[in-house]
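S.K.: Requesting a structural model of the entry that follows:
(one chain, ligands or ions: 2)
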Amino acid sequence: MGIRTGDQYIQGLRSRQPEIWLQGRKVTNVCEEAVFRQPIQEIAKLYDMQYDEKYQDKITHICQETGERVNNAFLVAKTPEELRAKRAVYEAYAEATFGLMGRTPDFLNVVLTSLYSNASFLERYNPQWAENVKTYYKHVRDQDLFLTHAIINPQNDRSKSSHEQNDVYTHLGTVEETPEGLIVKGAKMLATLAPITDEVIIYSFPGFQPGDERYALAFAIPINTPGLRIICREPMQDGIRSVYDHPLASRFEEMDAVLVFHDVLVPWERLFLYNNVEAANLLYPKTGIGQQPAHQSGVRGLVKLQFATEVAMRLADSIGVDIYPNVQNNLGELAQSLESVRALLKTAELEYETLPSGELMPGYIQLETIRGLLPKLYPRAIEVMQIIGAGGLLMSPTDSDMEHPELVEDMEKFYAGRKGISGTDRVRLFKLAWDLCGEAFGQRLLQYERYYTGDPVRKLAIFYNNYKKSHACTMVDDALSVYSAKSASQTEQVL
Ligand SMILES: Cc1cc2nc3c(=O)[nH]c(=O)nc-3n(C[C@H](O)[C@H](O)[C@H](O)COP(=O)(O)OP(=O)(O)OC[C@H]3O[C@@H](n4cnc5c(N)ncnc54)[C@H](O)[C@@H]3O)c2cc1C
Ligand SMILES: Nc1c(O)cccc1C(=O)O
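M.R.: Ligands and ions are numbered 1, 2, ... in the order given. Modelled structure (predicted):
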């Protein structure tokens, strides 16, 4: 089939009934649920971009194997041009959502593509797992599916491993083998956008201990598989608040969910890894499923940081405070952060690594540096926005106030900004900023940037240990060589 339209994506959602729990009730029609309606439209727009002539040749290509047009996220890049073609889709999707939706379809499609192109890793453990991954990749590519994923165990007792938790099936684990497949039970977090996706892929970050064999699992199943329960967090917008009052929160909220598996059947052909702690621990570092999506995340993170920086600059300009050096310093800092990330990304793409298979991987050091910096740079951009907007962020009235005939005059007079910025202009801009820096929606975006890539504390430690391996600190040896030169000359004098 190849690329889908937005309508086809929505038809897919309508065709099935996953078990979705939202605010204490079961959702019976996900497409008609207020909270999901607009996010579904935003994702549908991304699918439609594949048919838009402005984007089609940039973000899709003709698949050599099938002759069908497919998304560039499914490319196994073997040339710098193909790497740029992948970047083009990340960028187009990020720009269409201002970088605010982290788990657009390209994210997991790139994870799956990397699993596919590095399936030889799985082959060493079980050729059938490798075969299953390859078949699944083609299925997702050719049906243009949208996946969610849950790779973390629920946050119960982090000081204990999976097999030491209170109940054997707190963390998702295998119950039994049947002729049809594995029966699995327990929970995983945190499946962003799960209610509006087609399928879920389960795997894990490393960290399994001996004894955790039943939890060492990777598989993919349709989101409406019987026994799979999607428990949504409390929504951060109700789907009813107006676009005027919440121009971002009303459009881009990504629902997060815990997935609870109640004796769910995973068919054998959908199983990618099972009962092998070593393979489960090596899956992430050895198959590029961290590094390839880091390219997507880096591009998206750059767009999000750029958006936040632009909003902060416009805020300052709109109320005439960017004449002050302190404000200029804050904004200059954001601009420099943004340009540093942009430069890192460019270097990551230029300094790619070529794997023995011929596949190109964008530079590890640069991508990991972006991942380490964004959890600090994005919150700082939000803080600067709060500092510049100050009390003004809390004076925005609602759409109904702005339109009320008795208030219109006051609105235009007392809510106007510096010359040229009307009351309406200023209120709209400040509402946009408040969605990012004040609303629960904005706090989630901040939390996302801190944690989407795993725990930043442990990630930075891993980065340092890897960095140390490739950095012999030879300049220090050079500097210390004065001592050996000195003792050599002393020896010469004695002789
Ligand atoms: C908005 C959002 C969306 C997300 N979307 C997804 C998604 O779609 N799919 C998905 O699979 N995951 C998703 N995640 C989950 C994300 O991968 C995890 O949040 C992340 O890996 C951190 O794990 P945790 O939240 O369980 O924190 P924990 O691991 O429980 O950490 C809690 C705190 O304890 C500290 N800590 C814990 N263990 C250690 C240790 N061993 N050593 C030192 N310090 C430690 C941490 O530094 C941290 O401060 C999302 C997260 C967020 C915030
Ligand atoms: N955060 C990630 C994820 O959720 C899936 C795959 C990779 C990552 C990552 O940032 O490395």
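S.K.: Going by C-alpha atoms from here, please, whenever you check contacts or count neighbours.
M.R.: Fine.
S.K.: what's residue 453 in contact with, if anything?
M.R.: By Cα atoms under 8 Å, 6 or more residues apart in numbering, the residues touching residue 453 are residue 371.
S.K.: let's see it at 10 Å
M.R.: 290, 293-294, 297, 371-372, 375, 459 (Cα atoms under 10 Å, 6 or more residues apart in numbering).
S.K.: How about residue 348?
M.R.: Taking Cα under 10 Å, 6+ apart, one finds 295, 298, 342, 361-370 in contact with residue 348.
S.K.: Next, the buried residues of stretch 398-411.
M.R.: Judged by neighbour count (16 or more other Cα atoms under 10 Å), stretch 398-411 contains these buried residues: 399, 402, 411.
S.K.: Need the pLDDT of the most centrally placed residue in the chain.
M.R.: Centroid check for the chain by Cα atoms, centre = their mean gives residue 102 as the closest residue, at 3.7 Å. Looking at residue 102, its pLDDT stands at 97.
S.K.: Kindly confirm whether my reading is correct that it touches residue 451.
M.R.: No: counting by Cα atoms under 10 Å, residue 102 does not reach residue 451; the two are 11.6 Å apart.
S.K.: Now name the helix or strand holding residue 135.
M.R.: Assessed by DSSP states H and E, residue 135 sits inside helix 127-143.
S.K.: coming back round to it: would you write a PyMOL line that selects the buried entries of the contacts of residue 453?
M.R.: Selection of buried members from these for PyMOL, criterion 16+ other Cα under 10 Å:
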select buried, resi 290+293+294+297+371+372+375
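S.K.: what sits against residue 33?
M.R.: Going by Cα under 10 Å, 6+ apart, the list of residues near residue 33 reads 22, 27, 238-239.
S.K.: Using the three-state scheme, assign residue 240.
M.R.: Under the three-state scheme (DSSP: H, G, I helix; E, B strand; the rest coil), residue 240 adopts coil.
S.K.: Which positions in the stretch 351-495 of the chain make contact with ligand 1?
M.R.: Residues of the stretch 351-495 of the chain lying close to ligand 1 (Cα under 6 Å from any ligand atom) are 444, 447-448, 451-455, 457.
S.K.: for stretch 353-372, what is the average pLDDT?
M.R.: Rounded mean pLDDT across stretch 353-372 is 96.
S.K.: same deal with stretch 268-284?
M.R.: 97.
S.K.: ok, now stretch 51-68?
M.R.: 98.
S.K.: Can you list the buried residues in it?
M.R.: Quick answer for stretch 51-68 (16+ other Cα under 10 Å): 51, 56-61, 63.
S.K.: Strands of the stretch 351-495 of the chain, start to end?
M.R.: Assigned by DSSP state E, counting those that start in this stretch, the strands in the stretch 351-495 of the chain fall at 353-354, 360-361.
S.K.: what residues does the first one touch?
M.R.: The reference is to strand 353-354. Residues contacting strand 353-354 (Cα under 10 Å, 6+ apart): 77-79, 359-364.
S.K.: Neighbour count and distance to ligand 2 added to those residues, as a markdown table?
M.R.: Putting the contacts of strand 353-354 into a markdown table (neighbours: other Cα atoms under 10 Å; distance: Cα to the nearest ligand atom, whole Å) gives the following:
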| residue | neighbour count | distance to ligand 2 |
| --- | --- | --- |
| 77 | 20 | 18 |
| 78 | 15 | 21 |
| 79 | 13 | 23 |
| 359 | 18 | 18 |
| 360 | 21 | 17 |
| 361 | 23 | 14 |
| 362 | 23 | 13 |
| 363 | 23 | 14 |
| 364 | 19 | 11 |
